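A.B. asks: Attaching a predicted model along with its sequence, questions to come.
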Amino acid sequence: MKNKFFILVLVFLSLNSQATYDLHAGAGFRSYALGAAARIEGGANQELWRHNDQIYGFLREAAYFTTSGTINTIGGKIEFFPISILGFVAGSEQVYRSSKELDTFDCDVQVCDSDGTRSYLRVDSVLGYKKFVMINDYQRDYFDYDFKGEVANALHTLEIQSDDIVNIMRNIIAYQYSDKYTFGIIHFRTWSEKTKQDKTFVGFLNQFKKEKWTYDVVLGGNRDRFNRNHFSMLLQLKYDYKKGLRLF
């Protein structure tokens with residue numbers, strides 16, 4: 001039912017002649033827990049009001065596909081920004097898994113290949129002062145795996161129940177040194193409500209932009225679900241074929 005709802009919304013907006021469209025693709029790599037994935041996403045944007053180039057409101061509907069080879073996801077989401085610096089996101093996706101090996105998990109003992117769905121709610125916000133930027137978001141993931149019991153979740157590298165709820169909090173404080181280079185501190189915390197597992201990441205963000213390309217290099221420390229500390233490197237690449245209305 002949820003997936004049908006998102007499809008109907010996407011079709012409705014696609015028929016709106018006043019909508020503008022966006023399309024981007026990207027890829028990422030994580031050294032711990034080891035993983036890599038690629039993603040393509042397209043959306044339709046409806047501007048609701050505008051004060052200037054920075055302050056306005058909009059509605060965005062999007063569809064996306066993500067793959068790591070053995071884990072494939074297709075989903076849709078709705079983003080409502082009553083003002084461009086504060087938004088609310090609701091989404092749902094279908095996850096297809098054929099994993100036989102996952103870093104930090106023993107797939108001979110743990111369930112690594114169960115398909116399922118993930119629905120999520122998120123609040124996004126950004127504040128800026130001169131060249132300083134602060135981004136904060138909070139998300140709740142609602143899982144429903146076909147296998148009933150405890151499963152290995154590669155997205156968050158947690159062991160969760162098949163119907164668990166996972167919370168994600170992200171905080172970024174950055175300085176825009178120039179139009180092409182931004183640096184700052186990034187913090188992630190992820191915790192599950194039923195299995196009571198918790199992990200955090202704190203790192204130094206380096207972001208480089210050139211025309212339609214964005215490159216992120218993050219170096220930091222990862223405290224895993226076993227409360228052990230590991231060095232981790234995150235690499236991300238994004239290509240904005242056509243940019244939408246989102247500020248961040």
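C.D. replies: It's in. These numbers were taken from a predicted model, which means no experiment stands behind them. Residues are numbered from 1 along each chain as shown.
A.B. asks: Where does pLDDT dip in this protein?
C.D. replies: Where the chain drops to pLDDT under 70, the residues are 1-17.
A.B. asks: All the strands of it, residue numbers only.
C.D. replies: Across the chain, reading from the start of the chain, the strands by DSSP state E fall at 20-30, 35-50, 56-67, 71-83, 86-97, 116-129, 132-145, 150-153, 158-161, 165-176, 181-192, 198-210, 213-223, 229-242.
A.B. asks: got the CA coordinates for the second one in CSV?
C.D. replies: The C-alpha trace of strand 35-50 is given here as CSV (Å, rounded to 0.1, in the frame of the first residue of the first chain):
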residue,chain,number,x,y,z
GLY,A,35,31.2,-1.7,1.7
ALA,A,36,30.5,0.2,-1.5
ALA,A,37,27.4,1.2,-3.4
ALA,A,38,26.1,3.2,-6.4
ARG,A,39,22.9,5.2,-6.6
ILE,A,40,20.8,7.1,-9.1
GLU,A,41,17.9,9.4,-8.2
GLY,A,42,15.5,11.5,-10.0
GLY,A,43,12.9,13.9,-8.7
ALA,A,44,10.1,16.4,-9.6
ASN,A,45,10.1,19.7,-7.7
GLN,A,46,7.1,22.0,-7.2
GLU,A,47,8.0,25.5,-5.9
LEU,A,48,5.4,26.7,-3.4
TRP,A,49,6.6,30.2,-2.7
ARG,A,50,9.8,32.3,-2.9
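A.B. asks: so what does that strand touch, helix or strand wise?
C.D. replies: Helices and strands in packing contact with strand 35-50 are listed as helix 2-14, strand 20-30, strand 56-67, strand 71-83; criterion 3 or more CB pairs under 8 Å, 6 or more residues apart in numbering; DSSP states H and E. Glycine gets a C-beta too; all of them are placed from N, C-alpha and C.
A.B. asks: Each with direction, which strands does that strand pair with?
C.D. replies: strand 20-30 (antiparallel), strand 56-67 (antiparallel) (DSSP bridges).
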